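K.L.:
Turn this into a model:
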Amino acid sequence: MSRSPTPVFDRSMVEQARRVLLVTLGALALGVQAQTPPGSAPVPKDSSIQALFVRIDVDKDGKLSRDEATRLPAISARFDELDVDTDGTLSPSEFHTGATAPMR
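P.N.:
Numbering: from 1, shown residues only. As a prediction, the model looks like this:
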């Protein structure tokens with residue numbers, strides 16, 4: 001009786017797929033918010049925004065670099081506008097502003 005080989009999973013591929021899924025879901029959430037007229041769309045919950053921030057903050061330094069922000073096109077496109085203290089990163093507060101503000 002021969003045994004079937006055990007499947008081998010490439011962890012980096014799984015992690016990459018997970019990141020793509022998270023970014024896509026975050027972008028969809030921001031896109032839906034942007035397409036709904038002001039006042040009629042529910043604002044994302046703070047906990048959802050914080051969870052998205054934590055997922056996007058790859059190096060876990062508590063701020064988003066320009067490179068990390070590219071994972072969310074809606075945030076990346078407004079990076080300089082959202083970076084009000086002009087330190088080259090987005091703080092959780094700056095990110096929250098961008099995640100809850102209507103897109104222009």
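K.L.:
which outside residues touch the strand or helix carrying Val54?
P.N.:
Using DSSP states H and E, the element containing Val54 is helix 46-56. Helix 46-56 has contacts (Cβ atoms under 8 Å, 6 or more residues apart in numbering) with 22-23, 26, 29, 64, 68-69, 71-72, 92, 95-96, 99-100. Placement of C-beta: from N, CA and C, glycine included.
K.L.:
What strands flank the very next helix or strand once past that helix, and is each parallel or antiparallel?
P.N.:
Following helix 46-56 in sequence order, the next helix or strand is strand 64-65 (DSSP H and E). If you go by DSSP bridges, strand 64-65 pairs up with strand 89-90 (antiparallel).
K.L.:
okay, now Leu64: neighbour count?
P.N.:
By other Cβ atoms under 10 Å, 28 other residues sit near Leu64.
K.L.:
beta partners for Leu90?
P.N.:
Leu64.
K.L.:
Correct me if wrong: it contacts Gly98.
P.N.:
Yes. Contact criterion Cβ atoms under 8 Å: Leu90 and Gly98 qualify, at 7.2 Å.
K.L.:
more crowded one of those two?
P.N.:
Leu90 (29 against 24).
K.L.:
contacting residues for that one?
P.N.:
Leu90 neighbours (Cβ under 8 Å, 6+ apart): 63-64, 69, 75, 79, 82-83, 98.
K.L.:
one more time with 10 Å
P.N.:
53, 56-57, 63-66, 68-69, 75-76, 78-79, 82-84, 96-99 (Cβ atoms under 10 Å, 6 or more residues apart in numbering).
K.L.:
Quick check: ChimeraX command selecting the buried ones in these.
P.N.:
Remark: buried members of these, expressed as a ChimeraX selection using 16 or more other Cβ atoms under 10 Å:
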select :53,56,57,63,64,65,68,69,75,76,78,79,82,83,96,97,98,99
